[in-house]
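J.: Quick check, what structure comes out for this input:
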Amino acid sequence: MKQEKGFILPSMMVVVFFCLLITAHISISLVNEKNFYEETKQYYTLDSIMQAAVERSLKEVKDGTPLLNEQISVNTFNGQFSYQVQEVSPLIFGVSITCQTNEGKEYTASYHYDSSINEMILWSEY
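T.: Just a heads-up that it's a prediction; the model follows:
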């Protein structure tokens with residue numbers, strides 16, 4: 001007993017330090033996983049809002065009664081979207097869509113619709 005010279009305190013400090021490192025690593029992993037799930041939820045929410053916006057604007061353009069050069073905004077349960085229809089040529093309409101979730105994430109896309117063949121001819125996201 002007289003020859004130990006304080007071996008227990010430094011060894012316990014090393015063990016406690018390793019335990020703290022493991023706890024910090026696990027908590028950082030959990031925070032990263034939570035952020036990943038939140039970003040994934042926002043992505044699918046924006047995708048859902050974008051799909052609703054495209055369906056509504058496409059229906060308006062297909063019906064032949066689009067309000068040209070007028071910003072139309074619609075609020076949904078998960079966020080809001082707005083779109084604007086412009087006439088590129090007599091048979092082609094350009095539609096710009098902006099979607100935003102309630103948390104503030106934003107997504108923008110545009111497409112051109114050719115009314116002579118009744119289909120989208122150009123889609124771009126930014």
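J.: residue contacts, Tyr111?
T.: Val54, Gly94, Val95, Ile97, Met120, Leu122, Trp123, Ser124 (C-beta atoms under 8 Å, 6 or more residues apart in numbering). Backbone N, C-alpha and C define where each C-beta goes, glycine included.
J.: beta partners for it?
T.: Val95, Trp123 (DSSP bridges).
J.: measure it to Val95 for me?
T.: 6 Å (C-beta to C-beta, to the nearest Å).
J.: what does Gly6 give?
T.: Taken as C-beta to C-beta, the span from Gly6 to Val95 is 77 Å.
J.: between these two, who's got more neighbours?
T.: Val95 (22 against 7; other C-beta atoms under 10 Å).
J.: Next, give phi and psi for the residue positioned nearest the centre of the chain.
T.: Central residue of the chain (C-alpha atoms, centre = their mean): Tyr43, 3.3 Å from the mean position. Tyr43 adopts backbone torsions of phi -60, psi -50, taken as degrees, to the nearest 10.
J.: so Val74 touches Phe81, yeah?
T.: Yes. Here Val74 reaches Phe81: they are 5.7 Å apart, a contact under C-beta atoms under 8 Å.
J.: tell me, what's touching those two both at once?
T.: Common neighbours of Val74 and Phe81, using C-beta under 8 Å, 6+ apart, are Ala52, Ala53.
J.: When these two are compared, which one has more neighbours?
T.: Phe81 (24 against 14).
J.: what about the strands in the protein?
T.: Assigned by DSSP state E, the strands in the chain fall at 71-75, 79-89, 92-101, 106-114, 119-125.
J.: how about CSV for those strands, with distance to Val14 and mean pLDDT added?
T.: As requested, the strands of the chain are exported to CSV (distance: least, C-beta to C-beta, whole Å; pLDDT from 0 to 100):
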stretch, distance to Val14, mean pLDDT
strand 71-75, 58, 91
strand 79-89, 51, 92
strand 92-101, 47, 93
strand 106-114, 49, 93
strand 119-125, 53, 90
